[in-house]
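Trainee: whatever this is, show me its structure:
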Amino acid sequence: MIINNLKKLGFFIMLASLFACNYNSSRMMRTDKGYEFSELPSDTISEYILSKSDILEFQLYTNNGTSIIDITAITETDKRATVLRSGETYLIEPDGFVKLPILERVKLEGMTIRESETLLEKKYAKYYINSFVKLKVKNRRIVVFPGGDGKAQVIPLENENTTMLEALGQVGGLQNTAKAYHIKLIRGDLKDPEVYLFDFSTIEGIQKSDFVLQANDIIYVERRSDAFREFFRDVAPVVSLLASTITLIIVINNLK
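Mentor: Got it, this is the predicted structure:
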């Protein structure tokens, strides 16, 4: 009888162990011990870099910006103006090129907004006097996981030079249970991304917080685990069932 009871006890202990395997199972974006993170650029990029899938709002002016190309002034003899609408949007395609009026396809991927504007002004100078171009990216956004009990948020990049510190501030800062010394930034193709590691727990780490964010960046702040609390939270139902079973076994043995 005792052997059978021990077998039952062993079964419940094994079941408790299986529950314990779920400990910390909610953690995302784990990296193996010794994982080699990407090195931070020595010259921190201070401007937004255009990338694939960016949607550009395009405006073209003449006379150094004093006269916008206006579709209300279209004539049959001025075919060039028929496609230059103020505020039209254009997509940077997967090959890095964008199809623009008159110029057809121009590669803008990897350039800053200012560099792109300068390039387009030179190209449009063949058709317009003192051409002036304005570009604005309309669909820039990032995802921030603030750690702890904070909820993940999708943040639009309203400014061209939004930094990591500003993005974390927009989601309310770090939670009490977040690891300020272990903040990951995932960038690029998720099949082969660049992963940077930041430590904002020190002044030296904060000095690197001017890292300018790019579209589709992911900021992930690891949650500081409370191993004792999380373990017993996961196994509490099993422990309760186990205690009840043991009590029942003792009562049955006493009755016999």
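
Trainee: going by C-alpha atoms from here, please, whenever you check contacts or count neighbours.
Mentor: Will do.

Trainee: so what secondary structure elements neighbour the helix or strand harbouring residue 142?
Mentor: Here residue 142 sits within strand 141-145, counting by DSSP states H and E. Packing contacts for strand 141-145, counted by 3 or more CA pairs under 8 Å, 6 or more residues apart in numbering; DSSP states H and E, involve strand 153-156, strand 218-223.

Trainee: mind jotting down where the strands sit in the stretch 1-150 of the chain?
Mentor: 55-62, 67-68, 88-91, 97-100, 104-107, 132-137, 141-145 (DSSP state E, counting those that start in this stretch).

Trainee: residue 35: which of those strands is closest?
Mentor: strand 141-145 (20.5 Å; CA to CA).

Trainee: for stretch 188-198, C-alpha coordinates in CSV please.
Mentor: This file holds the C-alpha atoms of stretch 188-198, laid out as CSV (Å, rounded to 0.1, in the frame of the first residue of the first chain):
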residue,chain,number,x,y,z
GLY,A,188,16.4,44.8,-40.7
ASP,A,189,15.1,41.6,-42.3
LEU,A,190,13.9,39.4,-39.4
LYS,A,191,15.3,36.4,-41.2
ASP,A,192,18.8,37.8,-40.7
PRO,A,193,18.5,40.9,-38.5
GLU,A,194,21.0,43.1,-36.8
VAL,A,195,20.6,42.9,-33.1
TYR,A,196,22.1,45.6,-30.9
LEU,A,197,22.3,45.6,-27.1
PHE,A,198,22.0,48.7,-24.9
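
Trainee: can you point out the buried residues in it?
Mentor: 195-198 (16 or more other CA atoms under 10 Å).

Trainee: could you dump the residues you listed to JSON lines with distance to residue 115 and pLDDT?
Mentor: Output for these, formatted as JSON lines (distance: CA to CA, whole Å; pLDDT from 0 to 100):
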{"residue": "195", "distance to residue 115": "27", "pLDDT": "92"}
{"residue": "196", "distance to residue 115": "26", "pLDDT": "91"}
{"residue": "197", "distance to residue 115": "29", "pLDDT": "90"}
{"residue": "198", "distance to residue 115": "29", "pLDDT": "89"}
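
Trainee: care to break this structure down by domain?
Mentor: 55-137, 141-223 (automatic domain parsing).

Trainee: and the first one, average pLDDT?
Mentor: By that I understand domain 55-137. Averaging pLDDT along domain 55-137 gives 79.

Trainee: quick one: residues contacting the residue nearest to the spatial centre of the chain.
Mentor: Taking CA atoms, centre = their mean, the centroid of the chain lies closest to residue 218, which sits 1.8 Å from it. For residue 218, the contact set (CA atoms under 8 Å, 6 or more residues apart in numbering) comprises 142-145, 185-187.

Trainee: quick one, longest strand in this protein?
Mentor: strand 178-187 (DSSP state E).

Trainee: strands paired with the following helix or strand past it, and their directions?
Mentor: Sequence-wise, the next helix or strand downstream of strand 178-187 (DSSP H and E) is strand 194-198. Its sheet considered, strand 194-198 pairs with strand 178-187 (antiparallel) by DSSP bridges.
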